[in-house]
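J.: Give me a 3D structure for the following:
(one chain, ligands or ions: 1)
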Amino acid sequence: MTNDKILVTGGGIGGLTAAIALRRKDFSVTLVEKSPEWPASGVGIIQQFNVLRAMQELDILDDYLAQSYGFDTTMGFGPRGDSLFSFKAPRLAGEHLPSNVGIQRTSLQNILAGKARELGTDIRLGTIVEKWTDTGAGVEATLSDGTSDTFHVLVGADGIFSQTRQALFPQAPQPRYTGQWVWRYNIPRPAEVTGIQLYYGRVNAGLTPLSADLMYLFMLSEEPVGFQFERDNACTMMHKRALHAAPQIQRLMDNVTENAGVVAKPLEAIFLEEAWHKGRVALLGDAVHASTPHLAQGAGMAIEDAVVLADELATGDAPDLALTRYRNRRIERCRFVNFNSLAIGDMQMGKRQDVDPAEINRQCMTLMAEPI
Ligand SMILES: Cc1cc2nc3c(=O)[nH]c(=O)nc-3n(C[C@H](O)[C@H](O)[C@H](O)COP(=O)(O)OP(=O)(O)OC[C@H]3O[C@@H](n4cnc5c(N)ncnc54)[C@H](O)[C@@H]3O)c2cc1C
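T.: Prediction:
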(Lines give C-alpha, C1' and ligand atoms only; values in the text may rest on other atoms or scores of the structure.)
Protein backbone atom coordinates (compact mmCIF):
# COMPACT_ATOMS: atom_id res chain seq x y z
CA MET A 1 0.00 0.00 0.00
CA THR A 2 1.36 3.41 -0.89
CA ASN A 3 0.23 6.96 -1.28
CA ASP A 4 3.03 7.83 -3.69
CA LYS A 5 1.95 10.17 -6.45
CA ILE A 6 2.38 9.12 -10.06
CA LEU A 7 2.06 11.46 -13.05
CA VAL A 8 0.94 9.85 -16.34
CA THR A 9 1.23 11.82 -19.59
CA GLY A 10 -1.14 10.65 -22.33
CA GLY A 11 -4.74 9.48 -22.04
CA GLY A 12 -4.66 6.83 -24.77
CA ILE A 13 -5.25 3.12 -24.16
CA GLY A 14 -1.88 2.73 -22.40
CA GLY A 15 -2.09 5.81 -20.17
CA LEU A 16 -5.69 5.17 -19.08
CA THR A 17 -4.97 1.52 -18.33
CA ALA A 18 -1.88 2.57 -16.35
CA ALA A 19 -4.07 4.96 -14.30
CA ILE A 20 -6.49 2.11 -13.50
CA ALA A 21 -3.72 -0.37 -12.66
CA LEU A 22 -1.90 2.17 -10.45
CA ARG A 23 -5.10 3.20 -8.63
CA ARG A 24 -5.81 -0.49 -7.99
CA LYS A 25 -2.43 -0.54 -6.17
CA ASP A 26 -3.40 2.59 -4.19
CA PHE A 27 -1.10 5.05 -5.90
CA SER A 28 -2.41 8.58 -6.22
CA VAL A 29 -2.59 9.25 -9.99
CA THR A 30 -2.69 12.46 -12.04
CA LEU A 31 -3.19 11.91 -15.78
CA VAL A 32 -2.70 14.70 -18.32
CA GLU A 33 -3.98 14.41 -21.90
CA LYS A 34 -3.06 17.13 -24.36
CA SER A 35 -6.27 16.87 -26.34
CA PRO A 36 -9.10 18.98 -24.83
CA GLU A 37 -11.54 16.16 -25.69
CA TRP A 38 -11.05 12.40 -25.58
CA PRO A 39 -9.17 11.73 -28.82
CA ALA A 40 -10.20 8.22 -30.00
CA SER A 41 -11.79 8.10 -33.45
CA GLY A 42 -14.73 5.97 -34.47
CA VAL A 43 -13.17 2.81 -35.91
CA GLY A 44 -12.58 -0.41 -34.08
CA ILE A 45 -9.79 -2.51 -32.72
CA ILE A 46 -9.20 -6.27 -32.39
CA GLN A 47 -8.00 -7.61 -29.06
CA GLN A 48 -7.04 -11.11 -28.09
CA PHE A 49 -7.30 -13.38 -25.06
CA ASN A 50 -4.28 -11.83 -23.35
CA VAL A 51 -6.16 -8.51 -23.24
CA LEU A 52 -9.23 -10.27 -21.78
CA ARG A 53 -6.94 -11.72 -19.12
CA ALA A 54 -5.56 -8.24 -18.32
CA MET A 55 -9.10 -6.78 -18.19
CA GLN A 56 -10.02 -9.52 -15.74
CA GLU A 57 -7.04 -8.62 -13.56
CA LEU A 58 -8.05 -4.94 -13.65
CA ASP A 59 -11.63 -5.92 -12.77
CA ILE A 60 -13.20 -4.24 -15.81
CA LEU A 61 -13.93 -7.35 -17.84
CA ASP A 62 -17.74 -7.21 -17.53
CA ASP A 63 -17.98 -3.62 -18.86
CA TYR A 64 -15.51 -4.52 -21.60
CA LEU A 65 -17.36 -7.64 -22.76
CA ALA A 66 -20.72 -5.84 -22.64
CA GLN A 67 -19.50 -3.38 -25.26
CA SER A 68 -17.53 -5.70 -27.51
CA TYR A 69 -18.20 -8.54 -29.94
CA GLY A 70 -16.54 -11.81 -28.94
CA PHE A 71 -15.48 -14.40 -31.49
CA ASP A 72 -13.21 -17.42 -31.94
CA THR A 73 -13.19 -17.93 -35.71
CA THR A 74 -10.66 -16.64 -38.23
CA MET A 75 -11.37 -17.22 -41.93
CA GLY A 76 -8.96 -16.66 -44.81
CA PHE A 77 -9.86 -16.02 -48.48
CA GLY A 78 -7.82 -15.86 -51.69
CA PRO A 79 -7.78 -13.14 -54.36
CA ARG A 80 -10.92 -14.52 -56.10
CA GLY A 81 -12.77 -14.78 -52.81
CA ASP A 82 -12.14 -18.52 -52.56
CA SER A 83 -11.99 -19.96 -49.04
CA LEU A 84 -8.42 -20.80 -47.94
CA PHE A 85 -8.86 -21.73 -44.30
CA SER A 86 -11.08 -21.41 -41.28
CA PHE A 87 -10.05 -22.14 -37.70
CA LYS A 88 -11.24 -21.54 -34.17
CA ALA A 89 -8.59 -20.01 -31.93
CA PRO A 90 -8.31 -21.59 -28.48
CA ARG A 91 -9.99 -19.82 -25.55
CA LEU A 92 -6.76 -19.19 -23.70
CA ALA A 93 -8.28 -16.75 -21.15
CA GLY A 94 -10.76 -19.43 -20.04
CA GLU A 95 -13.44 -21.57 -21.70
CA HIS A 96 -16.16 -19.08 -20.72
CA LEU A 97 -14.43 -16.22 -22.59
CA PRO A 98 -14.04 -15.68 -26.33
CA SER A 99 -10.62 -15.95 -27.91
CA ASN A 100 -10.85 -12.47 -29.50
CA VAL A 101 -13.03 -9.39 -29.36
CA GLY A 102 -13.73 -6.50 -31.68
CA ILE A 103 -14.54 -3.22 -29.93
CA GLN A 104 -15.03 0.36 -31.08
CA ARG A 105 -12.15 2.59 -29.99
CA THR A 106 -14.55 5.13 -28.54
CA SER A 107 -16.25 2.41 -26.43
CA LEU A 108 -12.89 1.19 -25.14
CA GLN A 109 -11.86 4.73 -24.30
CA ASN A 110 -15.16 5.40 -22.48
CA ILE A 111 -14.77 2.25 -20.40
CA LEU A 112 -11.14 3.01 -19.48
CA ALA A 113 -11.67 6.74 -18.83
CA GLY A 114 -14.85 6.06 -16.83
CA LYS A 115 -13.14 3.48 -14.64
CA ALA A 116 -9.98 5.59 -14.16
CA ARG A 117 -12.15 8.51 -13.00
CA GLU A 118 -14.37 6.31 -10.81
CA LEU A 119 -11.24 5.00 -9.06
CA GLY A 120 -10.17 8.55 -8.27
CA THR A 121 -7.65 9.44 -11.00
CA ASP A 122 -7.17 13.19 -11.32
CA ILE A 123 -7.72 13.49 -15.09
CA ARG A 124 -6.84 16.77 -16.79
CA LEU A 125 -7.81 17.09 -20.44
CA GLY A 126 -6.20 19.80 -22.57
CA THR A 127 -3.13 19.73 -20.35
CA ILE A 128 0.53 18.84 -20.91
CA VAL A 129 3.64 18.62 -18.75
CA GLU A 130 5.46 21.86 -19.58
CA LYS A 131 8.61 21.08 -17.65
CA TRP A 132 9.91 18.27 -15.50
CA THR A 133 13.10 17.68 -13.52
CA ASP A 134 14.14 14.40 -11.95
CA THR A 135 15.91 15.50 -8.76
CA GLY A 136 16.72 11.95 -7.70
CA ALA A 137 14.28 12.24 -4.79
CA GLY A 138 11.23 12.85 -7.02
CA VAL A 139 10.08 14.32 -10.33
CA GLU A 140 9.21 18.02 -10.10
CA ALA A 141 6.67 18.81 -12.80
CA THR A 142 5.01 22.00 -13.96
CA LEU A 143 1.77 21.50 -15.88
CA SER A 144 0.28 23.77 -18.52
CA ASP A 145 -2.71 24.47 -16.24
CA GLY A 146 -0.33 26.45 -14.01
CA THR A 147 0.00 23.87 -11.23
CA SER A 148 3.17 22.10 -10.10
CA ASP A 149 3.87 19.15 -7.86
CA THR A 150 6.50 16.55 -7.05
CA PHE A 151 5.85 12.95 -8.12
CA HIS A 152 7.33 9.60 -7.19
CA VAL A 153 7.45 8.57 -10.88
CA LEU A 154 6.53 10.12 -14.25
CA VAL A 155 5.10 7.70 -16.84
CA GLY A 156 5.34 8.77 -20.49
CA ALA A 157 2.38 7.12 -22.27
CA ASP A 158 2.28 9.87 -24.88
CA GLY A 159 2.31 7.73 -28.00
CA ILE A 160 4.67 7.08 -30.89
CA PHE A 161 5.82 10.72 -31.12
CA SER A 162 6.38 10.86 -27.35
CA GLN A 163 7.86 14.11 -26.08
CA THR A 164 8.79 12.30 -22.88
CA ARG A 165 10.92 9.85 -24.89
CA GLN A 166 12.48 12.72 -26.83
CA ALA A 167 13.47 14.49 -23.59
CA LEU A 168 14.65 11.28 -21.90
CA PHE A 169 16.54 9.68 -24.77
CA PRO A 170 17.24 12.34 -27.44
CA GLN A 171 19.64 9.96 -29.23
CA ALA A 172 17.09 7.13 -29.50
CA PRO A 173 15.90 6.08 -32.98
CA GLN A 174 12.98 8.06 -34.38
CA PRO A 175 9.69 6.48 -35.58
CA ARG A 176 9.93 5.21 -39.14
CA TYR A 177 7.33 4.90 -41.89
CA THR A 178 7.07 1.26 -43.03
CA GLY A 179 5.73 1.88 -46.55
CA GLN A 180 2.09 0.90 -45.93
CA TRP A 181 -1.11 2.81 -45.13
CA VAL A 182 -4.24 1.28 -43.66
CA TRP A 183 -7.73 2.37 -44.69
CA ARG A 184 -10.71 1.65 -42.43
CA TYR A 185 -14.46 2.20 -42.53
CA ASN A 186 -17.31 1.13 -40.24
CA ILE A 187 -20.14 -0.64 -42.08
CA PRO A 188 -23.23 -2.69 -41.17
CA ARG A 189 -22.35 -6.27 -40.18
CA PRO A 190 -23.90 -8.95 -42.41
CA ALA A 191 -25.14 -11.90 -40.32
CA GLU A 192 -22.51 -14.25 -41.81
CA VAL A 193 -19.55 -12.18 -40.53
CA THR A 194 -19.24 -13.74 -37.09
CA GLY A 195 -15.45 -13.72 -36.83
CA ILE A 196 -12.47 -12.02 -38.43
CA GLN A 197 -12.22 -12.51 -42.20
CA LEU A 198 -8.86 -11.98 -43.91
CA TYR A 199 -8.56 -11.45 -47.67
CA TYR A 200 -5.20 -12.02 -49.37
CA GLY A 201 -3.87 -11.17 -52.82
CA ARG A 202 -2.83 -7.96 -54.54
CA VAL A 203 -4.90 -6.16 -51.91
CA ASN A 204 -4.74 -7.34 -48.31
CA ALA A 205 -7.97 -6.52 -46.52
CA GLY A 206 -10.25 -7.78 -43.79
CA LEU A 207 -13.48 -7.55 -41.82
CA THR A 208 -13.81 -7.37 -38.03
CA PRO A 209 -17.17 -7.61 -36.22
CA LEU A 210 -17.68 -4.91 -33.57
CA SER A 211 -21.27 -5.40 -32.39
CA ALA A 212 -24.57 -7.03 -33.38
CA ASP A 213 -24.98 -4.58 -36.24
CA LEU A 214 -21.54 -3.11 -36.94
CA MET A 215 -18.16 -4.25 -38.30
CA TYR A 216 -15.19 -2.50 -39.84
CA LEU A 217 -13.51 -3.09 -43.14
CA PHE A 218 -9.74 -2.58 -43.28
CA MET A 219 -7.46 -2.52 -46.27
CA LEU A 220 -3.71 -2.07 -46.67
CA SER A 221 -2.00 -0.16 -49.45
CA GLU A 222 1.60 0.56 -50.34
CA GLU A 223 2.30 4.28 -50.64
CA PRO A 224 5.45 6.31 -51.33
CA VAL A 225 7.10 8.46 -48.66
CA GLY A 226 5.32 11.82 -48.63
CA PHE A 227 1.97 10.40 -49.79
CA GLN A 228 -0.80 12.91 -49.03
CA PHE A 229 -4.23 11.79 -47.84
CA GLU A 230 -7.00 14.11 -49.08
CA ARG A 231 -9.95 14.28 -46.70
CA ASP A 232 -12.29 15.75 -49.37
CA ASN A 233 -11.41 12.93 -51.74
CA ALA A 234 -11.20 10.12 -49.17
CA CYS A 235 -13.86 7.76 -50.60
CA THR A 236 -12.45 7.97 -54.12
CA MET A 237 -8.96 7.26 -52.80
CA MET A 238 -10.17 4.24 -50.84
CA HIS A 239 -12.25 2.88 -53.76
CA LYS A 240 -9.22 3.19 -56.07
CA ARG A 241 -7.14 1.06 -53.69
CA ALA A 242 -9.87 -1.60 -53.50
CA LEU A 243 -10.03 -2.13 -57.29
CA HIS A 244 -8.09 -5.40 -57.16
CA ALA A 245 -9.45 -6.64 -53.83
CA ALA A 246 -11.38 -9.91 -53.48
CA PRO A 247 -15.00 -9.71 -54.79
CA GLN A 248 -16.49 -9.79 -51.26
CA ILE A 249 -14.50 -6.69 -50.33
CA GLN A 250 -15.36 -4.92 -53.59
CA ARG A 251 -19.08 -5.51 -52.98
CA LEU A 252 -18.84 -4.14 -49.42
CA MET A 253 -17.06 -1.04 -50.75
CA ASP A 254 -20.53 0.14 -51.91
CA ASN A 255 -20.98 1.17 -48.26
CA VAL A 256 -18.00 3.52 -48.41
CA THR A 257 -19.82 6.73 -49.30
CA GLU A 258 -18.89 9.38 -46.71
CA ASN A 259 -15.50 11.08 -46.90
CA ALA A 260 -15.72 11.80 -43.16
CA GLY A 261 -16.05 8.08 -42.36
CA VAL A 262 -12.76 7.05 -43.96
CA VAL A 263 -9.96 6.59 -41.42
CA ALA A 264 -6.60 6.36 -43.21
CA LYS A 265 -3.26 6.14 -41.41
CA PRO A 266 0.38 5.58 -42.36
CA LEU A 267 1.97 2.65 -40.55
CA GLU A 268 4.87 3.78 -38.42
CA ALA A 269 6.98 1.93 -35.89
CA ILE A 270 9.61 2.36 -33.21
CA PHE A 271 11.28 0.01 -30.75
CA LEU A 272 13.66 0.91 -27.92
CA GLU A 273 15.81 -2.10 -27.17
CA GLU A 274 17.83 -0.68 -24.30
CA ALA A 275 16.49 1.19 -21.27
CA TRP A 276 12.78 2.06 -21.09
CA HIS A 277 13.36 4.42 -18.18
CA LYS A 278 15.91 6.79 -16.71
CA GLY A 279 15.83 7.52 -12.99
CA ARG A 280 12.17 8.07 -12.08
CA VAL A 281 10.82 8.56 -15.60
CA ALA A 282 9.48 5.54 -17.55
CA LEU A 283 7.95 4.98 -20.99
CA LEU A 284 4.96 2.78 -21.79
CA GLY A 285 3.00 1.61 -24.86
CA ASP A 286 3.63 3.17 -28.27
CA ALA A 287 6.05 5.65 -26.69
CA VAL A 288 8.56 2.81 -26.42
CA HIS A 289 7.39 0.03 -28.82
CA ALA A 290 4.89 1.09 -31.51
CA SER A 291 4.25 -1.65 -34.05
CA THR A 292 2.05 -2.08 -37.11
CA PRO A 293 -1.39 -3.75 -36.71
CA HIS A 294 -0.45 -7.00 -38.51
CA LEU A 295 -0.64 -9.02 -35.28
CA ALA A 296 -3.35 -6.81 -33.70
CA GLN A 297 -1.35 -6.63 -30.48
CA GLY A 298 -0.08 -3.01 -30.20
CA ALA A 299 -2.76 -1.93 -27.74
CA GLY A 300 -2.55 -5.33 -26.06
CA MET A 301 1.13 -4.69 -25.33
CA ALA A 302 0.35 -1.20 -23.94
CA ILE A 303 -2.33 -2.71 -21.66
CA GLU A 304 0.02 -5.43 -20.41
CA ASP A 305 2.77 -2.83 -19.85
CA ALA A 306 0.39 -0.93 -17.58
CA VAL A 307 -0.39 -4.02 -15.47
CA VAL A 308 3.29 -4.95 -15.08
CA LEU A 309 4.40 -1.37 -14.36
CA ALA A 310 1.88 -1.01 -11.52
CA ASP A 311 2.87 -4.44 -10.22
CA GLU A 312 6.56 -3.55 -10.06
CA LEU A 313 6.10 -0.06 -8.59
CA ALA A 314 3.84 -1.54 -5.90
CA THR A 315 6.73 -3.67 -4.62
CA GLY A 316 7.96 -0.48 -2.94
CA ASP A 317 11.46 -1.04 -4.29
CA ALA A 318 13.48 1.97 -5.45
CA PRO A 319 12.06 3.24 -8.79
CA ASP A 320 15.26 2.45 -10.68
CA LEU A 321 15.07 -1.20 -9.63
CA ALA A 322 11.31 -1.55 -10.13
CA LEU A 323 11.45 0.09 -13.57
CA THR A 324 14.36 -2.10 -14.67
CA ARG A 325 12.31 -5.18 -13.76
CA TYR A 326 9.31 -3.69 -15.62
CA ARG A 327 11.32 -3.45 -18.85
CA ASN A 328 12.84 -6.91 -18.37
CA ARG A 329 9.43 -8.52 -17.91
CA ARG A 330 8.04 -6.80 -21.03
CA ILE A 331 10.87 -6.83 -23.57
CA GLU A 332 10.48 -10.31 -25.09
CA ARG A 333 6.75 -10.08 -25.82
CA CYS A 334 6.95 -6.52 -27.13
CA ARG A 335 9.96 -7.28 -29.30
CA PHE A 336 8.20 -10.33 -30.78
CA VAL A 337 5.10 -8.30 -31.66
CA ASN A 338 7.10 -5.39 -33.06
CA PHE A 339 9.58 -7.33 -35.20
CA ASN A 340 7.07 -9.85 -36.52
CA SER A 341 4.37 -7.30 -37.32
CA LEU A 342 6.93 -5.43 -39.40
CA ALA A 343 8.07 -8.69 -41.02
CA ILE A 344 4.52 -9.49 -42.20
CA GLY A 345 4.18 -5.97 -43.63
CA ASP A 346 7.52 -6.36 -45.43
CA MET A 347 6.34 -9.69 -46.87
CA GLN A 348 3.11 -8.07 -48.12
CA MET A 349 5.23 -5.43 -49.90
CA GLY A 350 7.47 -8.10 -51.47
CA LYS A 351 10.52 -7.01 -49.45
CA ARG A 352 10.89 -10.41 -47.74
CA GLN A 353 10.19 -13.96 -48.86
CA ASP A 354 11.22 -15.79 -45.67
CA VAL A 355 8.14 -14.87 -43.65
CA ASP A 356 5.36 -17.32 -42.78
CA PRO A 357 2.44 -15.36 -41.25
CA ALA A 358 0.60 -18.53 -40.14
CA GLU A 359 3.68 -19.70 -38.22
CA ILE A 360 4.19 -16.22 -36.74
CA ASN A 361 0.56 -16.17 -35.59
CA ARG A 362 0.95 -19.60 -34.01
CA GLN A 363 4.10 -18.49 -32.16
CA CYS A 364 2.42 -15.24 -31.13
CA MET A 365 -0.51 -17.12 -29.61
CA THR A 366 1.86 -19.42 -27.69
CA LEU A 367 3.86 -16.47 -26.34
CA MET A 368 0.76 -14.44 -25.42
CA ALA A 369 -0.60 -17.41 -23.47
CA GLU A 370 2.44 -17.19 -21.14
CA PRO A 371 1.88 -15.26 -17.92
CA ILE A 372 3.05 -11.64 -18.09
C1 LIG B 1 -4.14 1.53 -38.09
C2 LIG B 1 -3.88 0.90 -36.77
C3 LIG B 1 -4.64 -0.18 -36.36
C4 LIG B 1 -4.40 -0.77 -35.12
N5 LIG B 1 -5.13 -1.84 -34.76
C6 LIG B 1 -4.87 -2.46 -33.58
C7 LIG B 1 -5.60 -3.60 -33.19
O8 LIG B 1 -6.50 -4.06 -33.90
N9 LIG B 1 -5.28 -4.19 -32.00
C10 LIG B 1 -4.30 -3.70 -31.17
O11 LIG B 1 -4.06 -4.26 -30.08
N12 LIG B 1 -3.58 -2.60 -31.53
C13 LIG B 1 -3.84 -1.98 -32.70
N14 LIG B 1 -3.12 -0.87 -33.07
C15 LIG B 1 -2.11 -0.33 -32.16
C16 LIG B 1 -2.73 0.52 -31.06
O17 LIG B 1 -3.62 1.47 -31.62
C18 LIG B 1 -1.66 1.25 -30.28
O19 LIG B 1 -0.62 0.36 -29.94
C20 LIG B 1 -2.23 1.84 -29.00
O21 LIG B 1 -3.25 2.76 -29.30
C22 LIG B 1 -1.12 2.53 -28.20
O23 LIG B 1 -1.68 3.17 -27.08
P24 LIG B 1 -0.82 4.28 -26.34
O25 LIG B 1 -1.69 4.72 -25.21
O26 LIG B 1 0.54 3.79 -26.05
O27 LIG B 1 -0.63 5.46 -27.39
P28 LIG B 1 -1.73 6.39 -28.06
O29 LIG B 1 -2.98 5.66 -28.32
O30 LIG B 1 -1.06 7.07 -29.21
O31 LIG B 1 -2.05 7.49 -26.94
C32 LIG B 1 -1.17 8.52 -26.63
C33 LIG B 1 -1.97 9.67 -26.03
O34 LIG B 1 -1.07 10.66 -25.59
C35 LIG B 1 -1.58 11.93 -25.95
N36 LIG B 1 -0.41 12.82 -25.99
C37 LIG B 1 0.52 12.94 -26.96
N38 LIG B 1 1.46 13.84 -26.61
C39 LIG B 1 1.11 14.29 -25.37
C40 LIG B 1 1.68 15.20 -24.47
N41 LIG B 1 2.84 15.85 -24.75
N42 LIG B 1 1.07 15.42 -23.28
C43 LIG B 1 -0.10 14.78 -22.97
N44 LIG B 1 -0.69 13.91 -23.81
C45 LIG B 1 -0.08 13.64 -24.98
C46 LIG B 1 -2.26 11.71 -27.28
O47 LIG B 1 -3.21 12.71 -27.55
C48 LIG B 1 -2.92 10.34 -27.04
O49 LIG B 1 -4.18 10.46 -26.46
C50 LIG B 1 -3.36 -0.27 -34.30
C51 LIG B 1 -2.58 0.82 -34.71
C52 LIG B 1 -2.83 1.41 -35.93
C53 LIG B 1 -1.97 2.56 -36.36
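
J.: got the contact list for the closest residue to the ligand within the stretch 1-150 of the chain?
T.: At 2.0 Å from the ligand, Gly12 is the closest residue in the stretch 1-150 of the chain, using CB to the nearest ligand atom. (Glycine included, C-beta is placed from N, CA and C.) By CB atoms under 8 Å, 6 or more residues apart in numbering, the residues touching Gly12 are Pro39, Ala40, Ala157, Gly159, Gly285, Asp286, Ala302.

J.: ok, now with 7 Å
T.: Ala157, Gly159, Gly285 (CB atoms under 7 Å, 6 or more residues apart in numbering).

J.: which one among those gets closest to Gly195?
T.: Closest approach to Gly195 among those (CB to CB): Gly285, at 27.1 Å.

J.: Might one say that that closest one is in contact with Ala157?
T.: Yes: at 5.2 Å, Gly285 and Ala157 qualify as touching, with contact defined as CB atoms under 7 Å.

J.: Quick check: neighbours shared by the two?
T.: The overlap between the contact sets of Gly285 and Ala157 (CB under 7 Å, 6+ apart) consists of Gly12, Gly14.

J.: what about Gly11, which helix or strand?
T.: Assigned by DSSP states H and E, Gly11 belongs to no helix or strand.

J.: roughly how far apart are it and Glu274?
T.: For Gly11, the distance to Glu274 equals 27 Å [CB to CB, to the nearest Å].

J.: Centre-most residue in this structure?
T.: In the chain, the centroid-proximal residue (CA atoms, centre = their mean) is Ala299; its distance is 2.2 Å.

J.: what's the residue in the stretch 151-300 of the chain that the ligand sits nearest to in contact with, if anything?
T.: The ligand sits closest to Gly285 of the stretch 151-300 of the chain, with a gap of 2.3 Å, by CB to the nearest ligand atom. Gly285 makes contact with Gly12, Gly14, Ala157, Ala302, Asp305 under the criterion CB under 7 Å, 6+ apart.

J.: how about the nearest residue to it, chain neighbours excluded?
T.: Gly14 (2.8 Å; CB to CB, 6 or more residues apart in numbering).

J.: Then Thr315?
T.: In space, Thr315 is closest to Ala322, 5.8 Å off (CB to CB, 6+ apart).

J.: Gly201 reaches Ala246, doesn't it?
T.: Yes: contact criterion CB under 7 Å: Gly201 and Ala246 qualify, at 6.2 Å.

J.: re earlier: hmm, the residue nearest to Thr315 is touching Glu312, no?
T.: Yes: using CB under 7 Å, Ala322 is in contact with Glu312, at 4.2 Å.

J.: which one of these two has more residues nearby?
T.: In this view Ala322 and Glu312 are compared by other CB atoms under 10 Å, and Glu312 has more residues nearby, 22 against 19.

J.: And for Gln48, the neighbour number?
T.: Neighbours of Gln48 under the rule other CB under 10 Å: 22.

J.: and it, what are its bridge partners?
T.: Counting by DSSP bridges, Gln48 is bridged to Asn100.

J.: Just the pLDDT at it, thanks.
T.: We have a pLDDT of 95 for Gln48.

J.: same deal with the one 10 residues further on?
T.: Among the per-residue scores, Leu58 shows a pLDDT of 96.

J.: Sheet-wise, list the partners of the host helix or strand of Glu140 with their directions.
T.: Assigned by DSSP H and E, Glu140 belongs to strand 139-143. Strand pairing for strand 139-143, using DSSP bridges, gives strand 129-134 (antiparallel), strand 148-151 (antiparallel).

J.: does any bit of that strand sit next to the ligand?
T.: No: on the criterion CB under 6 Å from any ligand atom, strand 139-143 is out of touch with the ligand, staying 9.6 Å away.

J.: What are the contacting residues of that strand?
T.: Residues contacting strand 139-143 (CB under 7 Å, 6+ apart): 7, 32, 127, 129-133, 148-151, 153-154, 280-281.

J.: Equivalent analysis for stretch 82-89, please.
T.: Stretch 82-89 is contacted from outside by Asp72, Thr73, Thr74, Met75, Gly76, Phe77, Gly78, Ser99, Asn100, Met365, using CB under 7 Å, 6+ apart.

J.: What average pLDDT does that stretch get?
T.: For stretch 82-89, the mean pLDDT works out to 92.

J.: Which neighbours in the sheet does the longest strand seen in the chain have, and how are they oriented?
T.: What stands out as the longest strand in the chain, according to DSSP state E, is strand 176-188. According to DSSP bridges, strand 176-188 has the following sheet partners: strand 214-222 (antiparallel), strand 263-269 (antiparallel).
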